[in-house]
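>>> Give the three-dimensional model of this entry:
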Amino acid sequence: MKRTKIVDVLKSTEYGKQVCVKGWVRTHRSSKAVDFIALNDGSTIKNVQIVVDPAKFDEELLKQITTGACICAEGTLVESQGAGQSSEIQCEALELYGLCDNTYPMQKKGQSFEVMRKNAHLRLRTNTFGAVMRIRHNMAIAIHQYFHDHGFFYFHTPLITASDAEGAGQMFQVTTKNLYRLEKDEEGKIIYDDDFFGKMTSLTVSGQLEGELGATALGAIYTFGPTFRAENSNTPRHLAEFWMIEPEVAFIDLADLMDLEEDFIKYCVQWALDHCQDDLEFLNKMVDKTLIERLQGVVKEQFVRLPYTEGIQILEAAVAGGKKFEFPVSWGMDLASEHERYLVEEHFKKPVIMTDYPKDIKAFYMKINDDDRTVQGTDVLFPQIGEIIGGSVREENYDKLLGEIERRHIPMKDMWWYLDTRRYGSCPHGGFGLGFERLILFVTGMQNIRDVIPFPRTPKSAEF
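Predicted structure coming up:
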């Protein structure tokens with residue numbers, strides 16, 4: 001008999017129909033009169049109940065159907081007599097695919113996330129991680145749908161790059177050289193002539209610069225792919241390998257960019273509310289009891305547009321009023337997460353788009369304002385997360401961009417092609433970057449970024 005997914009079985013009202021389900025046992029409750037098997041196949045957070053008459057089945061077979069075991073069950077779909085489900089299956093045939101003994105690490109309820117991280121190869125079978133991964137899938141669909149509907153083209157930027165404009169100290173090197181026999185020149189520098197690309201290359205930290213090339217040809221593009229940062233940051237907010245969404249748009253100004261950021265993120269959150277109801281309700285109950293309320297609030301609220309200088313004044317006033325921050329507040333500083341969260345969660349109580357940052361704490365490519373002190377950068381700040389989006393209008397003036405490159409001592413060998421976009425038919429343009437895992441953190445209510453990607457890559461950890 002052809003298998004039916006459990007998500008479809010639970011929606012069906014074709015009572016009396018013969019069905020076949022396959023999956024992993026969540027629980028098996030036995031008695032002399034009847035056995036109840038809760039089965040899940042990953043298609044939904046909900047289990048289907050298999051009702052088994054123990055008199056009709058081999059006793060040894062039933063004993064082997066333990067938590068985590070994989071089985072096939074065939075029987076009649078009937079209306080459920082118990083609370084909590086509308087349908088159940090009166091079992092007529094059972095087949096055991098995979099045994100699972102009492103050493104199975106995921107069988108206990110209420111395990112810590114730390115324990116589950118050590119068993120990341122098995123944690124995906126738990127209710128929590130099944131919910132998170134289904135939401136992750138839905139967010140990926142929402143992202144592609146939003147940009148497709150708004151006329152953006154999906155643009156693939158390289159994962160291997162020879163540019164170290166973002167700072168080589170935070171990049172993973174890519175090489176085919178024998179690391180035990182590295183030839184060096186008279187200055188002690190490694191010779192890359194015989195390396196695969198003939199020069200030093202690394203894994204990308206961003207597709208933005210190449211994305212700008214796409215936007216100045218196709219009008220509006222977005223990237224969505226893996227990104228790598230070799231930061232030694234062992235925090236609940238950092239990964240060494242993560243996914244980034246980076247739209248880039250020609251002929252956009254600061255106001256339009258902020259509108260795009262707000263509209264895009266509201267669309268994604270609304271998509272989760274519309275398409276992930278069962279999983280969100282589970283996470284709202286088990287992980288964060290304010291999750292759904294917070295998601296609904298983000299969709300309803302108008303985001304605050306806040307110049308950096310005003311934000312600093314608000315923080316200074318808070319300190320004067322007795323508010324304690326770990327890091328001091330002063331104009332010119334890069335805001336810490338605690339400052340961002342104060343503005344969002346305590347002062348405004350809604351998401352904030354902060355703009356016009358001091359140019360010395362932002363990237364070289366951001367458009368410089370007339371005051372020559374600040375740039376047209378934008379950070380979207382969210383409750384619980386802090387910064388979720390970072391973007392800017394890009395500097396389209398060749399001389400100004402060249403001046404920043406020289407002032408910051410960025411090697412010209414990496415920048416000649418980027419400067420060509422300002423030399424040949426330059427246009428105003430801008431865009432932003434959204435860390436996909438930061439979005440999933442917000443939408444799921446999870447507290448650690450390592451718990452919203454299947455197999456996290458962090459300092460000293462590359463398991464599975």
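>>> From now on I want contacts and neighbour counts done on CA atoms only, so please keep to that.
Noted.
>>> contacting residues around the nearest residue to Gly198 once chain neighbours are set aside?
Spatial nearest neighbour of Gly198, chain neighbours left out: Tyr192 (5.4 Å); criterion: C-alpha to C-alpha, 6 or more residues apart in numbering. Shown in contact with Tyr192 (C-alpha atoms under 8 Å, 6 or more residues apart in numbering): 198-200.
>>> Neighbour-wise, give me the winner out of those residues.
Met200 (18 neighbours; other C-alpha atoms under 10 Å).
>>> roughly how far apart are that one and Thr157?
18 Å (C-alpha to C-alpha, to the nearest Å).
>>> same thing with Glu231?
Distance from Glu231 to Thr157, by C-alpha to C-alpha: 22 Å.
>>> which residues of the stretch 251-400 of the chain fall in strands?
304-307, 352-358, 374-382, 386-393 (DSSP state E, counting those that start in this stretch).
>>> List the buried residues in stretch 334-352.
335, 339-345, 349-352 (16 or more other C-alpha atoms under 10 Å).
>>> let me fix that: stretch 406-416
So, applying 16+ other C-alpha under 10 Å, buried residues of stretch 406-416: 410, 415.
>>> Check stretch 363-380 too.
Neighbour-count burial for stretch 363-380 [16+ other C-alpha under 10 Å]: 363-369, 374-380.
>>> Likewise for stretch 145-163?
In stretch 145-163, counting by 16+ other C-alpha under 10 Å, buried: 146-147, 152-155, 157, 161-163.
>>> Could you list every helix and strand in contact with the strand or helix carrying Met116?
Per DSSP states H and E: Met116 is located in helix 113-118. Counting contacts by 3 or more C-alpha pairs under 8 Å, 6 or more residues apart in numbering; DSSP states H and E, helix 113-118 packs against helix 120-123.
>>> Can you give the distance of the helix it packs on from its chain's centre?
18 Å (C-alpha atoms, centre = their mean, to the nearest Å).
>>> Can you tell me what sits against it?
105-106, 116-117, 129, 454-455, 464.
>>> And stretch 407-421, by the same measure?
Taking C-alpha under 8 Å, 6+ apart as the rule, stretch 407-421 contacts 162-165, 209, 213, 216, 364, 398, 401-402, 405.
>>> now do the same end-to-end measure for that stretch.
Span of stretch 407-421 from end to end, C-alpha to C-alpha: 20 Å.
>>> cool, stretch 394-410 as well?
By C-alpha to C-alpha, one end of stretch 394-410 lies 17 Å from the other end.
>>> Next: stretch 228-238.
11 Å.
>>> distance between it and the chain's centre?
Distance, centroid of stretch 228-238 to centroid of chain: 14 Å (C-alpha atoms, centre = their mean).
>>> again with stretch 248-257
24 Å.
>>> what do you get for stretch 447-459?
10 Å.
>>> Same check on stretch 302-319?
On C-alpha atoms, centre = their mean, the centre of stretch 302-319 falls 27 Å from that of its chain.
>>> CA atoms of that stretch as PDB?
Output in PDB follows, covering the C-alpha atoms of stretch 302-319 (Å, rounded to 0.1, in the frame of the first residue of the first chain):
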ATOM      1  CA  GLN A 302       5.400  50.900  12.300                       C
ATOM      2  CA  PHE A 303       9.200  50.700  12.800                       C
ATOM      3  CA  VAL A 304      10.800  53.700  14.400                       C
ATOM      4  CA  ARG A 305      13.200  55.600  12.100                       C
ATOM      5  CA  LEU A 306      16.000  56.900  14.500                       C
ATOM      6  CA  PRO A 307      19.200  58.800  13.500                       C
ATOM      7  CA  TYR A 308      22.200  57.500  15.400                       C
ATOM      8  CA  THR A 309      22.900  60.800  17.100                       C
ATOM      9  CA  GLU A 310      19.300  60.900  18.600                       C
ATOM     10  CA  GLY A 311      19.800  57.300  19.700                       C
ATOM     11  CA  ILE A 312      22.900  58.200  21.600                       C
ATOM     12  CA  GLN A 313      21.100  61.100  23.200                       C
ATOM     13  CA  ILE A 314      18.400  58.700  24.400                       C
ATOM     14  CA  LEU A 315      20.900  56.300  25.800                       C
ATOM     15  CA  GLU A 316      22.900  59.100  27.600                       C
ATOM     16  CA  ALA A 317      19.600  60.300  29.100                       C
ATOM     17  CA  ALA A 318      18.900  56.800  30.400                       C
ATOM     18  CA  VAL A 319      22.400  56.600  32.000                       C
END
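>>> Any stretches of the chain with poor pLDDT?
83, 164-169 (pLDDT under 70).
>>> how about 80 then?
81-85, 107-110, 163-169, 414 (pLDDT under 80).
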